[in-house]
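A.B. asks: Attaching a predicted model along with its sequence, questions to come.
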Amino acid sequence: MNPRIIEFHLKYNPNRKNPAEVFHAMGNFISTYQEMGQLIIQSIGYEADFELEMKEVVHGSILARLMICVDEWTQPNSLLRELTGEFTEKEQVSKVLAREKVRLIAKATTCGHHNKVRLEPHFDEREVAMTMDKWSEANKKLMPNEKLTISEEHEDRNNVVPFDPNFRFTGDLKQMYSSIKGHHDGLEVVRVFRPCNLGTAKWEFISEKTGKRYSAEITHKKWLEQYQNNEVNPAAKDSLLVHSEYDVVSIDGEDKIRNAQIKLVIDIIRYTGTQNELPE
């Protein structure tokens, strides 16, 4: 697939008293767009990462030009345009995902990808709902008459349907989806399943002790910068000793890890052919 340029254009009120808030909103929209795109990629088992690379920011009009390296049909535009009005119930999320699954199946078939991806997309509905909530929070930073459009490079933005700036997610996520069974905040040995080589997007880890796979942002900025500058180099089978924090929740009878973050990367544990675990 060839890299393409997409443009986030945020039309804002030039008379607003807090113009910096517009840039915060734009950053939130971009990061949430990337998260939703990654959820779509994961739902179909597509062997790719949904990554955006900043190419240019045009001040004044708030135009961000970003390079994207995934197929157009896996972008979350259609799903995000379904976010209109107020979402208060789990059923509203389920209906949006049902329509998105139909779209993905049709696109995978017509684009000739039916042999490369999962033809029955599987979403973690709670993760999608959390991402919808983040989109809602970005919308709250907008003033009346301000709106966001996303288009391909050189596409006429006048013909692009904007996203609903009045969308609000007001449902209680904890009540809607999970029963919290426990909370972890301490040392853990993890293997890296999928790193993030640019930016601050979430990594995917597997706990050596429980075997549970989960997504988490590394908030240890110094270590993250060292990794992305090739100053620290964990090998493919190495593990990390980390200070992690997350909730353990029950979803459909299965324990899953949510709201995870890696607060500190303490050490790289080199692979020796045996499983690495913390001593009891």
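C.D. replies: Right, received. Where do you want to start?

A.B. asks: for the stretch 101-250 of the chain, what spans make up the helices?
C.D. replies: Along the stretch 101-250 of the chain, counting by DSSP state H, counting those that start in this stretch, helices occupy 125-139, 173-177, 221-228.

A.B. asks: Which of those helices has the lowest mean pLDDT?
C.D. replies: Lowest mean pLDDT within the helices of the stretch 101-250 of the chain: helix 173-177, a mean of 81.

A.B. asks: Work out the gap between that helix and the centre of the chain.
C.D. replies: Counting by C-alpha atoms, centre = their mean, to the nearest Å, helix 173-177 is centred 19 Å from the centre of its parent chain.

A.B. asks: What residues of stretch 251-264 count as buried?
C.D. replies: 256-262 (16 or more other C-beta atoms under 10 Å). (C-beta placed from N, C-alpha, C; glycine too.)

A.B. asks: out of the helices of the stretch 101-250 of the chain, nearest to residue 71?
C.D. replies: helix 125-139 (19.8 Å; C-beta to C-beta).

A.B. asks: in that closest one, what's buried?
C.D. replies: Residues 125-136, 138-139 are the ones in helix 125-139 that count as buried (16+ other C-beta under 10 Å).

A.B. asks: Closest one to residue 34 out of these, please.
C.D. replies: Nearest member of the buried residues of helix 125-139 to residue 34, counting by C-beta to C-beta, is residue 131, at 9.8 Å.

A.B. asks: that older thread, same list, the helices of the stretch 101-250 of the chain, but as TSV with distance to residue 12 please.
C.D. replies: Output for those, formatted as TSV (distance: least, C-beta to C-beta, whole Å):
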stretch	distance to residue 12
helix 125-139	13
helix 173-177	29
helix 221-228	30
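
A.B. asks: Could you identify the longest helix within the protein?
C.D. replies: helix 20-43 (DSSP state H).

A.B. asks: So for the chain, the centremost residue is which one?
C.D. replies: The chain has residue 35 as the residue nearest its centroid, 1.6 Å off, counting by C-alpha atoms, centre = their mean.

A.B. asks: moving C-terminal of the lowest-mean-pLDDT helix or strand in the chain, what's the next helix or strand?
C.D. replies: Sorting the helices and strands of the chain by mean pLDDT, DSSP states H and E puts strand 52-58 at the bottom, at a mean of 66. Toward the C-terminus, strand 52-58 is succeeded by strand 63-68 as the next helix or strand (DSSP states H and E).
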